[in-house]
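>>> Below is the structure, and that's it, no one-letter string:
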């Protein structure tokens with residue numbers, strides 16, 4: 001998620017709102033953000049009811065954790081891109097920028 005912070009100005013060029021969401025609690029989010037020096041975009045908690053949003057998006061694991069997933073949702077609320085990848089894999093932001101360029105074409 002720090003890589004999104006690093007590229008935030010590029011995301012803004014595409015009129016894009018970056019936000020994070022996880023099933024962790026708000027205190028956990030606050031501690032994590034503090035440990036990395038903070039982030040300036042919203043980090044949402046899908047803690048209660050646990051994983052309700054993740055479940056609706058099809059990325060809640062049986063164990064109560066989520067997949068690592070990226071969604072690009074257009075201004076009409078339509079999902080235009082989904083990338084679910086291994087939890088230890090950090091996708092290249094350029095893949096997302098390719099999608100955003102196509103949507104803005």
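Yep, it's here. If you're wondering where the values come from, they're calculated on a predicted model, not measured in any experiment.
>>> Point to the residue nearest the middle of the chain.
residue 20 (3.9 Å; C-alpha atoms, centre = their mean).
>>> Name the nearest residue to it, ignoring sequence neighbours.
Nearest residue to residue 20, sequence neighbours excluded (C-beta to C-beta, 6 or more residues apart in numbering): residue 43, at 4.4 Å. (Glycine included, C-beta is placed from N, CA and C.)
>>> what about that neighbour, neighbour count?
Residues lying near residue 43 (other C-beta atoms under 10 Å) number 16.
>>> my guess is it contacts residue 33, does it?
Yes - look at residue 43 against residue 33 with C-beta atoms under 8 Å: they come within range, at 6.6 Å.
>>> what's the distance between residue 14 and residue 41?
Distance of residue 14 to residue 41, given as C-beta to C-beta, to the nearest Å: 14 Å.
>>> what's the average pLDDT for stretch 52-68?
For stretch 52-68, mean pLDDT rounds to 93.
>>> quick one: buried residues of it?
53-54, 57, 59-60, 66, 68 (16 or more other C-beta atoms under 10 Å).
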